[in-house]
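Peer 1: model this:
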Amino acid sequence: MIRAYRRDGSAEIIGAEPQASNFPDDIIWIDLIKPSRDEEHFVESRIGIPLPTPEELKDIEPSSRLYVEHDAIYMTASLLYRADSSYPLLTDVAFILHRGRLITIRYAEPKAFELFSASLLRLNGQCDTGAKLLGHLLETIVDRTAEILETLASRLDALSITVFVNRKAAKRRPPRFLEDKLLDIASHHQLVGKVRDSLVSLSRLVLFLQSQPAVRREEDAAELCGLVVRDLQSLGEHAAFVANNITFMLDASLGLINVEQNAIIKIFSIASVVFLPPTLVASIYGMNFEVMPELAWNFGYPMALFAMLLSAIIPFLFFRWKGWL
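Peer 2: Numbers count the residues shown, from 1 in each chain. Prediction:
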């Protein structure tokens, strides 16, 4: 699909028709969403420059993601999408500046694009060049990333409260409660990892964009790029802080699981020690020797039971006195 935006913020969907004329001069942004090869050829024939293919977008070499060719600035960044789902993903998006016009190519729909396109009408003509438009778009992408990190931090706070409860509440937790929470921690770790990858990609893109003479000549665009760079730096620090919190949560949860397992093993160990003396008494009087004076006693059987009970109570009281129970 080809969506074209005018300077006034209005948008229209353009069909890849062979008889269609060139794009009007007031078209400032051409957004290609999951384009077919026919749509790519259509846009290439109208703007006069080649567009990167999906295979070229996936190239990780910096020289293949950030370069200048045919009087156009080609940039590719990895953006996060499906951040609200259980499986967040990264998608490679191409940003091309050519003769005051912005061309974007994407094969997914990050929410930042939807938010930015909805806010274009409120900008009141502030995006009169492609560089300014790209600056505001990058600003929206950064704001969306900050929102994702804030939501993630809130989820971690709620998870921390759930995991680090008092001892009485911990006893009422269902079996394998902490093991299930490890899956939540893993999903949060996956999300923050993808956020950090996206931030690194965006930082490289913005620094490359700042170095271009066409951008430096536009004071507003250069100022927007500077703001985005500072925001990316602060978000990188915030993402590192959130990642450290996730690591702490993971280590703490594993520690609590070990404590619970050790407590269970301790109970079995103490139980075996408590029942060991009664077993000894029962073993003694279970031997089949003819000469055993106690076998002829009238109260031999109750005495043996009492000895077994007493030998079990004494270790139990000792463990309680030592604080092991």
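
Peer 1: in the stretch 51-200 of the chain, which spans are strands?
Peer 2: 66-69, 72-81, 89-98, 101-106 (DSSP state E, counting those that start in this stretch).

Peer 1: now those as TSV including distance to Ala243?
Peer 2: Heads up, the C-betas are built off the backbone N, CA and C, glycines and all. Formatted as TSV, the strands of the stretch 51-200 of the chain follow (distance: least, CB to CB, whole Å):
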stretch	distance to Ala243
strand 66-69	26
strand 72-81	15
strand 89-98	16
strand 101-106	27
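
Peer 1: Which one of those lies nearest to Val229?
Peer 2: strand 72-81 (13.7 Å; CB to CB).

Peer 1: Buried residues, that closest one. List them.
Peer 2: Ala72, Ile73, Tyr74, Met75, Thr76, Ala77, Ser78, Leu79, Leu80, Tyr81 (16 or more other CB atoms under 10 Å).

Peer 1: Isn't the second one up against Ser211?
Peer 2: No - applying CB atoms under 8 Å as the test, Ile73 and Ser211 come out as separate, 10.1 Å apart.

Peer 1: can you list the strands of the stretch 51-200 of the chain in CSV and add mean pLDDT and distance to Ala131?
Peer 2: What follows is the strands of the stretch 51-200 of the chain, written out as CSV (pLDDT from 0 to 100; distance: least, CB to CB, whole Å):
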stretch, mean pLDDT, distance to Ala131
strand 66-69, 86, 14
strand 72-81, 89, 9
strand 89-98, 89, 6
strand 101-106, 89, 8
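
Peer 1: Of these, which is nearest Asp251?
Peer 2: strand 72-81 (25.8 Å).

Peer 1: if I look at His270, how far off is Val215?
Peer 2: Rather than His, residue 270 is Ile. 72 Å (CB to CB, to the nearest Å).

Peer 1: The two: which is more packed in?
Peer 2: Val215 (23 against 15; other CB atoms under 10 Å).

Peer 1: what is the mean pLDDT for the host helix or strand of the more buried one?
Peer 2: In this structure, Val215 sits in helix 213-216 according to DSSP states H and E. Mean pLDDT, helix 213-216: 84.

Peer 1: and what of stretch 27-45?
Peer 2: 85.

Peer 1: end to end, how far does it reach?
Peer 2: 16 Å (CA to CA, to the nearest Å).

Peer 1: now do stretch 10-23
Peer 2: Start-to-end, stretch 10-23 (CA to CA) is 14 Å.
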